[in-house]
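Peer 1: I would like to see how this sequence folds:
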Amino acid sequence: MTLSDAPSNPAGADRTFQVDLRGLVDLLSHHLYSSPRVYLRELLQNAVDALTARHSLEPAAPEGAYGIRLYADGSVVRVEDDGVGLTEADVHSFLATIGRSSKRAEQVAEQRGDFIGQFGIGLLSCFLVADEIHVVSRSARTPDAPAVEWRGRGDGSYTVRTLRASARPRPGTTVTLTPRADAGEWTRPTRVQALARHFGSLLRHPVTFDDGTGGTGAPVNPEPAPWARTYPTPGARSRALAAYGEDVFGFTPLDTIELDLPAVGLKGIACVLPQAVPAGRRDGHRVHVKGMLLSEQAEEILPEWAFFVRCVVDAESLRPTASRESLYEDDTLAAVRDALAERLRAWIARAAASDPDLLARFLHAHHLAVKSLAVHDDEILRMLLPWLPFETTDGHTTLDEFARTHRTVLVTSSVEEFRQVAAIASAAGLGVVNGGYTYDRELVHRLPEIRPETSVADLDPATLTAHLDPVDRETELAAAAYLARAREALAVFDCDVALRTFQPASAPALLVDSREARHERTRSQLAREQEGGLWGDILGALRQEAPRAQLILNQLNPLVRTAVAIDEPELARTSAEALYGQAALLSRRPLRPAESSLINRSFLDLLAHALRKDN
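Peer 2: A predicted model of the protein is given here:
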């Protein structure tokens, strides 16, 4: 845009903007519209709005009496409607003034909510594919109105002239575009027909397409939306909706949920995905406004936790943004989002109450989504927590099944902690749930709300070691010297060593060490290394008694019984380091550099000892 700066204007006089139309079209193409293809959507939208205004003038007209006709033969694209049309004054006022919409006319102002468009700049999108827009229109508001011709060009100039009524015998508007050479991708007949179906398949007015080959116009929207049709049986309706969802989204839905919000005129379906999707990934939904496709990627229509469905909806009262490619965030959209979320909750409740097979298939695929919902939704928690799968010392099972055999349920704070103790806790008869996955620990702690007879507690090393049997006094005394050497060898890791008996006997050692304990020891080590400096003073002020890890040797294991009998100091030390390294590996937690070095060194030392013995 440039400001008018004619020198004849007196100082301080008001001046008006001049519009560089080419610059404005470039702005639209790069910043407002996602693709030149939207030109056809804008033409369809203007035609639909004109038909809506015509209906307000003639409410007794039968449904389908007026329609839209598209024509494309490669040389022109034409859209003709039987709508309200324009007078010469309308043409000057609306087509030649940027930003003003004919839908703001006083005659239909009170019905503005019936229109798709709200911004009056849609016709400019035609300049994305053509250098000239030719409009012939005749008003239905004025009896015996003449036809009016408007030609707008990409350089910002236009002409208007009045034609005889015979130039357009019936009220309505015809828009004709002569495509530029570089716009063939968007204006060839097959693409125009495909775009018309894409944007207008759910329009309520009849739309036909003619490619100039001599046949009758092919219907673009031959049938109403699938949810607006009647079916002989509920089963036939369910199958038809599922088939439509498969056609739109490309997958066979696990189930189809009908959506109906009369307050905002919204109808549609939610298709339950048959497979899990990565947590947090939100595929977009297809949103139509008054039948016209608005967006295929409207994430904002559903809450974040509902990533297990894809929706296609048609609404009356949702507001499009200026580009008409997304939804305006307002109170109406927020209310719709909440109402649709409630419909999804109701579907889950129905499945839990009456279709356990469907529920099982749903939870198998989408348990993470349900867990995220259950954390914040008490109703879903009560309904589904007993059914949700968790990793436990009894394998992957539901909490309901797990709680039947374990009155006290212990839960770990991390995956690595569970892997450290799972086999030994199972052999000891402890019921432990892996709480390291997203939402799991928080949900397990809420189990007593559903089963009051069950108690839940966090697993700590003391709980586990209390269930390991001590060795007899004679065995402990015989192993005292070895245990002392082992403690000395592992002091660098702040690790104590104890001798116990536990199942399975195949496990030589258990390393009991929490992530929090390792972090605290690291902090304490830093404090010692930084003693006297500012950072050391800060860490020293926070210093606590650093928790120690514990390497518990299994007296039932043949390797341990052999090791504790070693009386050679260096070999005893090396064997203790090897047992620590093996236990650290079995815990499947990330190894610290010092631990990796210890495992390599102990292996080499044992190998060297074996070679010396052979010689």
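
Peer 1: Around residue 35, count how many other residues there are.
Peer 2: 11 (other CB atoms under 10 Å). C-beta coordinates here come from the backbone N, C-alpha and C atoms, glycine included.

Peer 1: now the lengthiest helix in the chain: how far from the chain's centre is it?
Peer 2: Counting residues, the longest helix found in the chain (DSSP state H) is helix 331-354. Counting by CA atoms, centre = their mean, to the nearest Å, helix 331-354 is centred 17 Å from the centre of its parent chain.

Peer 1: bridging residues for residue 177?
Peer 2: As for beta bridges, residue 177 partners with residue 77, residue 133 under DSSP bridges.

Peer 1: got a pLDDT number for it?
Peer 2: In this model, residue 177 is scored at 95, pLDDT.

Peer 1: who's in contact with it?
Peer 2: 39, 76-78, 126, 129-130, 132-134, 187 (CB atoms under 8 Å, 6 or more residues apart in numbering).

Peer 1: List the contacts of residue 506.
Peer 2: So residue 506 contacts residue 557 (CB under 8 Å, 6+ apart).

Peer 1: doesn't it fall inside a helix?
Peer 2: No: applying DSSP: H, G, I helix; E, B strand; the rest coil, one finds residue 506 to be coil, outside a helix.

Peer 1: That one and residue 497: what is the separation?
Peer 2: To residue 497, residue 506 is 20 Å away according to CB to CB, to the nearest Å.

Peer 1: cool, and residue 446?
Peer 2: With CB to CB as the criterion, residue 446 and residue 497 are 38 Å apart.

Peer 1: So which of those two has more stuff around it?
Peer 2: Neighbour totals were compared for residue 446 and residue 497, and residue 497 leads with 24 against 16 (other CB under 10 Å).

Peer 1: which SS class is that one?
Peer 2: strand.

Peer 1: show me what contacts residue 556?
Peer 2: Contacts of residue 556 (CB under 8 Å, 6+ apart): 501-503, 505.

Peer 1: now swap in residue 308 and tell me
Peer 2: Counting by CB under 8 Å, 6+ apart, the residues that residue 308 touches are 272-273, 277, 362, 365-366, 369.

Peer 1: Pull the most distant pair out of these.
Peer 2: Spatially, the most separated pair among the contacts of residue 308 is 277 and 362, at 13.2 Å (CB to CB).

Peer 1: Among these two, which residue is more densely surrounded?
Peer 2: residue 362 (25 against 16).

Peer 1: Okay, and that one sits in which element?
Peer 2: helix 356-376 (DSSP states H and E).

Peer 1: measure residue 237 to residue 244 for me?
Peer 2: 11 Å.

Peer 1: One more: residue 40?
Peer 2: Distance from residue 40 to residue 244, by CB to CB: 23 Å.

Peer 1: Flag the shaky bits of the stretch 351-500 of the chain, pLDDT-wise.
Peer 2: By pLDDT under 70, the weakly predicted segments of the stretch 351-500 of the chain are 461-462.

Peer 1: Run through the strands of it in chain order.
Peer 2: Taking DSSP state E, counting those that start in this stretch as the criterion, the stretch 351-500 of the chain carries its strands at 389-392, 395-398, 408-411, 431-433, 455-458, 469-470, 495-501.

Peer 1: Tell me who's in contact with residue 148.
Peer 2: 86-88, 90-91, 136-138, 160-163.

Peer 1: what angle do the helix holding residue 362 and helix 331-354 make?
Peer 2: 130 degrees (axes from the mean of the first three to the mean of the last three CA atoms, to 10 degrees).

Peer 1: ok now do the closest residue to residue 132 other than its chain neighbours, which residues does it touch?
Peer 2: Take residue 132 and drop its neighbours on the chain: the residue closest to it by CB to CB, 6 or more residues apart in numbering is residue 153, 5.1 Å away. Under the criterion of CB under 8 Å, 6+ apart, the neighbours of residue 153 are 131-133.

Peer 1: Now render those residues as CSV, adding distance to residue 387 and pLDDT.
Peer 2: Converted to CSV, the contacts of residue 153 look like this (distance: CB to CB, whole Å; pLDDT from 0 to 100):
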residue, distance to residue 387, pLDDT
131, 63, 89
132, 64, 91
133, 60, 92
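
Peer 1: Out of the residues you listed, grab the one that's most surrounded.
Peer 2: Counting neighbours by other CB under 10 Å, the top entry in the contacts of residue 153 is residue 133, with 22 neighbours.

Peer 1: circling back: report the buried residues of the helix holding residue 362.
Peer 2: Going by neighbour count (16 or more other CB atoms under 10 Å), the buried part of helix 356-376 is 358-359, 361-363, 365-375.

Peer 1: So which residues make contact with it?
Peer 2: Applying CB under 8 Å, 6+ apart, the external contacts of helix 356-376 come out as 254-255, 272-276, 279, 305-308, 345, 348, 351-352, 380-381, 384-385, 387-389, 438-440, 442-443.

Peer 1: Just give me how far that helix sits from the chain centre.
Peer 2: So, by CA atoms, centre = their mean, the centroid of helix 356-376 is 16 Å from its chain's centroid.

Peer 1: How about stretch 426-443?
Peer 2: With CA atoms, centre = their mean, you get 28 Å for stretch 426-443.

Peer 1: what's the first-to-last distance across that stretch?
Peer 2: Length of stretch 426-443, first residue to last, CA to CA, to the nearest Å: 21 Å.

Peer 1: picking up where we left off before, any chance of a PyMOL selection covering the buried ones in the contacts of helix 356-376?
Peer 2: Applying 16+ other CB under 10 Å to the contacts of helix 356-376, the buried members can be selected in PyMOL as follows:
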select buried, resi 254+255+272+273+305+306+307+308+345+348+351+352+380+381+384+385+387+388+389+439+440+443
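
Peer 1: Filter the contacts of helix 356-376 down to just the ones in helices.
Peer 2: Using DSSP H, the contacts of helix 356-376 in helices are 345, 348, 351-352, 380-381, 384, 440, 442-443.

Peer 1: could you flag which of the contacts of residue 177 are buried?
Peer 2: Counted by 16+ other CB under 10 Å, the contacts of residue 177 give 39, 77-78, 126, 129-130, 132-134, 187 as buried.

Peer 1: Need the worst-confidence member of these.
Peer 2: Out of the buried ones among the contacts of residue 177, that is residue 126, at 88.

Peer 1: secondary structure class for it?
Peer 2: Residue 126 ends up helix, using three-state DSSP.

Peer 1: Residue 80 now?
Peer 2: With three-state DSSP as the criterion, residue 80 reads strand.

Peer 1: how far away is it from residue 310?
Peer 2: 35 Å.

Peer 1: Settle it for me: which of these two has more neighbours?
Peer 2: residue 310 (23 against 20).

Peer 1: Please identify the helix or strand for the more buried one.
Peer 2: Judged by DSSP H and E, residue 310 forms part of strand 309-315.

Peer 1: what about that strand, average pLDDT?
Peer 2: 95.

Peer 1: which residues are in contact with it?
Peer 2: For strand 309-315, using CB under 8 Å, 6+ apart, the contacting residues are 202, 225, 244-245, 248-249, 257, 259, 261, 264-273, 283, 285-291, 301-302, 336, 340, 344.

Peer 1: Name the strands paired with it and say parallel or antiparallel.
Peer 2: strand 266-272 (antiparallel), strand 286-289 (parallel).

Peer 1: and for the first one, what are the contacting residues?
Peer 2: Taking CB under 8 Å, 6+ apart as the criterion, the residues outside strand 266-272 that touch it are 225-228, 241-242, 244-246, 248-249, 251, 253-261, 308-318, 336, 340, 343-344, 347, 362, 366.

Peer 1: redo that, cut-off 7 Å
Peer 2: Strand 266-272 has contacts (CB atoms under 7 Å, 6 or more residues apart in numbering) with 227, 241, 245, 249, 253-260, 308-315, 336, 344, 362.

Peer 1: hmm, which of those residues are the buried ones?
Peer 2: Counted by 16+ other CB under 10 Å, these give 227, 241, 245, 249, 253-257, 259, 308-315, 336, 344, 362 as buried.
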